[in-house]
Structures are given as C-alpha cells and as structure tokens.
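**Student:** Take a look and give me a structure for this.
(3 chains)
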Amino acid sequence: MSDRPPAVAAEDLTRRFGSRVAVDRVTFRVEPGESVALFGSNGAGKTTLLRILSSALRASSGAIRIDGLDYREDAVAIRRRIGVISHSSYLYGDLSALDNLEFFARLYAVPDAREAAGRMLAAMELDERADDAAKTFSRGMTQRLSIARSLIHDPRIVFLDEPFSGLDPHAAVVLRAALDRLRAEGRTLVMVTHDLPQGLAMSDRWLLMERGRLIDQGRSAGVDARDFENERFRIRRRAAPAGDTAP
Amino acid sequence: MSSSGYPDAGAGFLNTAVAVARKDLRIEWRTLESLSSMVLFALIVLVVFNFAFDLATIRELGVGKLVPGVLWTTLAFAGIVGFARSFQIESRSDAMTALLLAPVDRGALFAGKTFANLAALVTLELVVVPLSAVFFDYDLLAVAGPTAIVLALHTLGIAELGTLLGAIASRVGRGEALLATLLFPVATPLFISAVKCTAAVLDGGGLASASKWLLIAVGFDLLYLFVGLATFEYVVEE
Amino acid sequence: MDGFLRRAAIVLLPIAMVMMLAAIWMVFAYVPDERVMGPVQRIFYFHVPAAIITFFSVFVLLAGSIGYLWTRHTAWDQLSRAATEIGLLFCTIVLITGPIWAKPAWGTWWTWEARLTTTLVLWLLLAACMMVRAYADNRDLGARLASVLGIIAALDVPIIYKAVDWWRGQHPVVFKAGEKTPLEPRMLRTFLFCMATFFVFYGLLLAIRVAIVRLEDRCQALVEASSGDRA
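**Tutor:** So this is what the prediction gives:
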C-alpha cells in the first residue's frame, strides 16, 4: 500500500438542483495512476459528478479530497494539479492557437509560457497552424488544441467528459494515442464515456451510475463489452423501482 | 511547492490580472469588433445630439452647459456595447469555466477585465472627445490637461461598474438593454460628478472649483474597486 | 422560523391596525394646519416616514445580501427578496405622495429636487434588483446575482444622496416645513407616532412577505420533486 493519498476520494457526495437529486451519496476512490471509466445512461449524473470533482460545480453535501487536499482549504493547489477535457473547447476562437495556450500557461504559472506553448503545439502536431485563429480549426484539430490546453500545466489528474463524442475516426485515433500516453506516464484519469468498448479498453476500473447513485464498480481487465452491456441491463433492472419497465 | 515537489499554485494576483488583460486586448486587437462598434455608436449618438441641440443654442448657453452632458451620455452608452462584448467572448466556448478551473484568484479576473475595458474606453475617448470639440466648436487644447484628468478618473469608475454589472447581465443573458438599466442608476453619482467636473473645466474654472466632485469620484472608484474584487467570484462561479 | 413569523404577524396585526387608525385620527383631526401650506401639508406625516422606511429596507436588503453570500442559507435570501419588494412599495408611496404634495405647494407635479431625485434613482435600483432575480435561470443564481446587486445598490444610496444634494446646490429647497423651525408639539407628536406606526406596519409586511416567500419555495420544491420522480 503506497503512502500517497488517493488521487480522488469522494465521500457521500450529493448534489441537488432544487429538490431533484442529481448525485446521490456517491462514495468511491481512485488511486494515483489509476484510470477509471464512468458509465451510466443519460441523466445518470456522470457529468454532474465530474463537474463536482473538478470544482466547476459545488456539492450540496459530502466531501472530496483530491491528492489528499480539500477544496475548502486548498482550492488553488488542487486546481493546479488537475486538468479537464470536456466537449466545450474552453478556447478563445479569436485568438491564435499559440496565444490560447500561452494564456492558459500563464494562468497556471508554467515557466517560459510561450516556449512551453510552442512545444505543446508541436507535440500535438499543430505547430503549422500556431498563428491561425482557433475558430478556423476543424473539429478534430480543435479537440487536439483543447487537449493541449488541458495538459499545458502537466496535471497529475485528468478529468475527461465524453472526449470522443463527435470526433471523426482520425481525430479519435490521435486522442486515443494521447490518452494512452497519459496513462503510460502514470497520470490518473477519470473518464465519462458512452463508448463501452473504448472505455473498458482504456481503464483499469469502471464505475456505473444510475439515477445519481453509484450502483456498481469493478475491474476492467478481461471484461467483454457485450457481456458488460447485458449484465448492466440486469443490474439496471435490479436498481429500478418496482413497476418501472422502461429499458 | 508541495512536499512532492509539484507546484502548488498558479499565477499570483498581478500576473493573473495582467494575463487576462493582455488576452482581452489581444482579442480586441485581432478583431476590432468591440472598438469599431463602440466608435460607430458614439458617432451616431453625437450626430443625433447635434440635431437635438444645434450649434447656435450651444453658443447661447455656453459650452459648459451642454457639452459635458452630451459627451458623458455618449461615452456611457457606447461603453455598454464594449462591456457586453467583454463577457460574450467568455461564453462562446465556455471559456469562463476554464478560467474558474484555473488556480487563480477570481478577483484578479475582475481586475484584468476591468483594465481591458478601461483601455477600450480610453481609446474610444481619444476618438470621441476631439470629435466633440469639432462638432460643438470648443477649444479642447486649451483645457487638455484637466480634461484628461477628469476623463481618466471617471472612466475608471465606469469601467469597474461596467465590468461587474456586465458580468451580472451576461449571466442573466439579456444583454445590453439590461446592462444599461443596471449601469445608469448605479453610476448616478459618477455621472453627476463627471458632468460637473467637465463643465468646470470647459468653463475655464479649472479643477480646483470642482474639488469636492473629484473627491466623490475618487471615493466611488475606490469603493467599487473593492466591491468588485470581493464579489466578482459570486457572480461568475458555477 | 415559520412559527416565529406567524406569531410575529399575529401580534403585529392588531397593533398595526390600532396604530393606523390612531395615526389617521392624529393626522386629520388632532394636528393643526400648517400655517404656510395649509391642509395639504398633512401628507408630510405619511411621505416622510415612507421615505425613512424605504432607506431602512435598503439597509435590511444589505444585511440579507451579505448574509446570503456569507452563509448561503436561503433564509437570508428570502429576507432580501421581501426587503426589496417592500422597499420598492414604500418607495412608490414616496414618489406618489411627493407630487401630490408638490402640486398644491409649488404649483408643479415634479421637481428635480434632491430628495425626490434620489428616491427616483433608488426606485430604479430596487426595480433592477427584482428584475435580475426574476430573469435568472435558477433560484440559486438569481439569489447570488441579486445579493451582489443588492450590495452594490445599498452602498450606493448614501453616495447618490450626497451627490444629488450637492448637484442641486448648497441649500436644498425647504421640503420639510417645520424642520428649520422647531416643530409645534402636536406636530412633533403626530410625526413620531406616524413614524412608529410605519415601522410596525413595515415589520408586519416583512413578516408576512417572508412567510409567503417560504411557502412559495416549499411549493416549488414539491412541484420539482413530483415531476423529478417521473424523469
């Protein structure tokens, strides 16, 4: 057992919108270097949970510790070490790719911001378009630039919200390679995804949410996507209230 | 640095504010969208005022009576266009969320945006004020120094309020109309002071005769700088 | 909280009613005519307390706004909501009674006199607070934005008052007849009694409005809960 604290430790996390409970007493841990896939049907609360973990949203109750730190005391330290990849690009369309990366590098106090931005662009194979406005980029290139933005500060923990959605096959391949690299480098990944085979292939463990609750979790190794789907179906029937027969 | 050697902080207050201001100004430099809309709108308003009060009336009443009010009304309305746009750029690709995820002081975001808006307003004034001297036929050069001081002091206050209220209006999504409804009542003391000071300067009285108004302007600027730094985060979070 | 509000309302209601009736008697029967303006001056006994209550309500708004941002307890926001609305109500009373007094007294419905102007700007500020709260997408956002705006507006009020006062010149028009000379005892008593009456009335309205706001919130929560189950 390493003496490093869990990368992510959620305890009894709850989030209410009015009286609708979007996340319901979720408790789980992610060890440093682990890669976790978060599955669940639409409206299960996965994106809300991810937003709470990354501090984009406040929890109504419960506790989170990232790398052993609490948002209430060490919010800045936590934000420094996490990265978020979402389907919003978080980019300024009117700025050049280089300017975008340089800006965020400065916010994260990355030394030699402009050089670091240039190196990151090269790593993402975007350096030819460094001075072009981000809004002129294709969806795939935007995604690459967005990933570059999320990783410019070398985050130890990366939260991803359906990063593959809307990507053409080539862009998906590039993204997959980038994420494999992240895993190889020992970063912690928490990824929300609808893509079962992809998610299982890229994770060490999986979590399953339904109606805001974490209803199951397990190891990903050796799990067949189709079996998982069937089993999931059975699990969801067990979790659904009596009388609800909707698939 | 944490015990594991991993950096524990992002940019400090000043660096963050500077980075945000540079970013906003860079965007403006590339597109000139905001500045061109502001200048064009200001020109239109000036022309309309010229129809409303013709040159003979102004000469009769004296420059100090009419020009200050016309000038500041024009600047305020044109400024609103800029403030609204300042937050539009943040909402397009949800960049605001990225700013909130960054390990920086949210008050520094306010400071940076206020500075960028201030710079835009000053640029606007560099065009509009000389033009008003031409349209309304008064000698700007003779009072250039005091005018510049009055402009600087009051534009700062407008920039602060415009940024803070602009953030509120952008969260509610109603745009410029709501911003005007919020800005004018709140900025009443600043507006009165601006008109009084400008009138004093144009009438040849000099700044000394308007000293109590300058005091109100300074107090106002300081108060809302503090309020903005303290409350900006509550407006933009989530 | 709800119990306290109910008891407060039950206690204040009869007191307010009795005081109101007594105040009306005092204003229309007890107190003598003002020698310069005649009977119309009696509006002063409603107009001035309404203005003072408006400023007091702005203070309550400031407290509620700071309280909400500090603790995020809905109770503070409920207080702010009530204070905004009731403040707006009394502000409207000031703006209506002002012209009613001004026309016979000065021959004009409106004058950009310092206090009336300040009240008009205050009315706009309070209306803006209500508007922002209403336009917000969800309750929590509306509460936060309205709280920030409430703080901005409340801190602004004294500055607006001073600025408008100076704008109008060194010696504002004598609005409150009798302030420059000591008030005749009956006038002073009537004024103070009306002041007290308005405070009691304000307390009553505030208690009832907060109670209703709380009921509205509970209803809203129930509606969301029942539609949420079907999601």
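**Student:** Residue A:21 is in contact with residue A:13, correct?
**Tutor:** No. Using Cβ atoms under 8 Å, residue A:13 is not in contact with residue A:21; the gap is 11.1 Å. Every C-beta, even on glycine, is put in place using the N, C-alpha and C of the backbone.
**Student:** higher neighbour count, those two?
**Tutor:** residue A:13 (24 against 18; other Cβ atoms under 10 Å in any protein chain shown).
**Student:** Do whichever helix or strand that one is part of and chain B come into contact?
**Tutor:** For residue A:13, the host element (DSSP states H and E) is strand A:8-17. No. Using Cβ under 8 Å from any Cβ of the partner chain, strand A:8-17 stays clear of chain B, with a minimum separation of 11.1 Å.
**Student:** how distant is that strand from the center of its chain?
**Tutor:** 16 Å (Cα atoms, centre = their mean, to the nearest Å).
**Student:** Buried residues of it, list them for me.
**Tutor:** Applying a neighbour-count criterion of 16 or more other Cβ atoms under 10 Å in any protein chain shown, one finds A:8, A:9, A:10, A:13, A:14, A:15, A:16 buried in strand A:8-17.
**Student:** Which residue does chain B have closest to chain C?
**Tutor:** Distances between chain B and chain C by Cβ to the nearest Cβ are smallest at residue B:189, namely 3.6 Å.
**Student:** can you tell me how far the spatially closest residue to that residue that is not a sequence neighbour sits from residue C:123?
**Tutor:** Nearest residue to residue B:189, sequence neighbours excluded (Cβ to Cβ, 6 or more residues apart in numbering or on different chains): residue C:163, at 3.6 Å. For residue C:163, the distance to residue C:123 (Cβ to Cβ, to the nearest Å) stands at 17 Å.
**Student:** Give me the three-state assignment for the spatially most central residue of chain A.
**Tutor:** Taking Cα atoms, centre = their mean as the criterion, residue A:160 is the residue nearest the geometric centre of chain A, at 1.9 Å. Recorded secondary structure, residue A:160: strand (DSSP: H, G, I helix; E, B strand; the rest coil).
**Student:** what pairs with it across the strands?
**Tutor:** residue A:85, residue A:191 (DSSP bridges).
**Student:** Tell me the pLDDT of it.
**Tutor:** For residue A:160, the model assigns a pLDDT of 94.
**Student:** same thing with residue C:8?
**Tutor:** What the model reports as pLDDT for residue C:8 is 90.
**Student:** how close does it get to chain A?
**Tutor:** Separation of residue C:8 from chain A (Cβ to the nearest Cβ, to the nearest Å) stands at 27 Å.
**Student:** which residues touch the strand holding residue A:13?
**Tutor:** Contact with strand A:8-17 is made by A:21-30, A:45, A:48-49, A:52-53, A:57-66, A:68, A:157, A:188, A:190, C:138, as judged by Cβ atoms under 8 Å, 6 or more residues apart in numbering or on different chains.
**Student:** Please pick the buried ones from these.
**Tutor:** The neighbour count (16+ other Cβ under 10 Å) marks A:21-24, A:26, A:28, A:30, A:45, A:48-49, A:52-53, A:57, A:59, A:62, A:64-66, A:157, A:188, A:190 as buried among the contacts of strand A:8-17.
**Student:** filter those residues by proximity to chain C?
**Tutor:** Restricting those to those near chain C by Cβ under 8 Å from any Cβ leaves residue A:21.
**Student:** near chain B, which residues of chain C show up?
**Tutor:** Residues of chain C lying close to chain B (Cβ under 8 Å from any Cβ) are C:69, C:121, C:124-125, C:128, C:131-132, C:135-137, C:140-141, C:144-145, C:147-149, C:151-153, C:155-156, C:159-160, C:162-164, C:166-167.
**Student:** And residue C:21, its phi and psi?
**Tutor:** With angles defined as degrees, to the nearest 10, residue C:21 sits at phi -60, psi -40.
**Student:** Can you tell me how far it is from residue C:193?
**Tutor:** Relative to residue C:193, residue C:21 is positioned 12 Å away (Cβ to Cβ).
**Student:** Among these two, which residue is more densely surrounded?
**Tutor:** The residue with more neighbours, out of residue C:21 and residue C:193, is residue C:193; 19 against 11, by other Cβ under 10 Å.
**Student:** Now do the contacts for that one.
**Tutor:** C:19, C:22, C:23, C:26.
**Student:** Now tell me which helix or strand of chain B has the poorest mean pLDDT.
**Tutor:** In chain B, the helix or strand scored least confidently by mean pLDDT, DSSP states H and E is helix B:55-61, which has a mean of 75.
**Student:** I meant chain C, not that one.
**Tutor:** Every helix and strand of chain C was ranked by mean pLDDT, DSSP H and E. The lowest is helix C:185-229, at a mean of 86.
**Student:** so what's the residue of chain C found nearest chain B up against?
**Tutor:** With Cβ to the nearest Cβ, the shortest gap between chain C and chain B falls at residue C:163, namely 3.6 Å. Contacts for residue C:163 were tallied using Cβ under 8 Å, 6+ apart; they are B:188, B:189, B:192, B:193, B:216.
**Student:** could you pull out the helices for chain B?
**Tutor:** Under the criterion DSSP state H, helices of chain B are mapped to B:13-31, B:33-52, B:55-61, B:63-91, B:95-101, B:106-136, B:144-172, B:176-186, B:188-202, B:211-236.
**Student:** mean pLDDT for these: which is lowest?
**Tutor:** It's helix B:55-61: among those, that one has the lowest mean pLDDT, namely a mean of 75.
**Student:** contacts for it?
**Tutor:** Residues contacting helix B:55-61 (Cβ under 8 Å, 6+ apart): B:65, B:66, B:67, B:136, B:137.
**Student:** Any of the contacts of residue C:193 buried? List them.
**Tutor:** C:19, C:23, C:26.
**Student:** Now, those residues that are in helices?
**Tutor:** Counting by DSSP H, the buried ones among the contacts of residue C:193 place C:19, C:23 in helices.
**Student:** Among the buried ones among the contacts of residue C:193, which one lies nearest to residue B:202?
**Tutor:** Nearest to residue B:202 among these is residue C:23, at 51.2 Å by Cβ to Cβ.
**Student:** got a list of what the nearest residue to the closest one once chain neighbours are set aside touches?
**Tutor:** Residue nearest to residue C:23 in three dimensions, not counting chain neighbours: residue C:197, with 4.5 Å by Cβ to Cβ, 6+ apart. Contact analysis of residue C:197 by Cβ under 8 Å, 6+ apart lists C:16, C:19, C:20, C:22, C:23, C:49.
**Student:** Tell me the one of those residues nearest residue B:34?
**Tutor:** residue C:49 (47.8 Å).
**Student:** Might you report the residue contacts of the closest one?
**Tutor:** Residue C:49 is in contact with C:191, C:194, C:195, C:197, C:198, counting by Cβ under 8 Å, 6+ apart.
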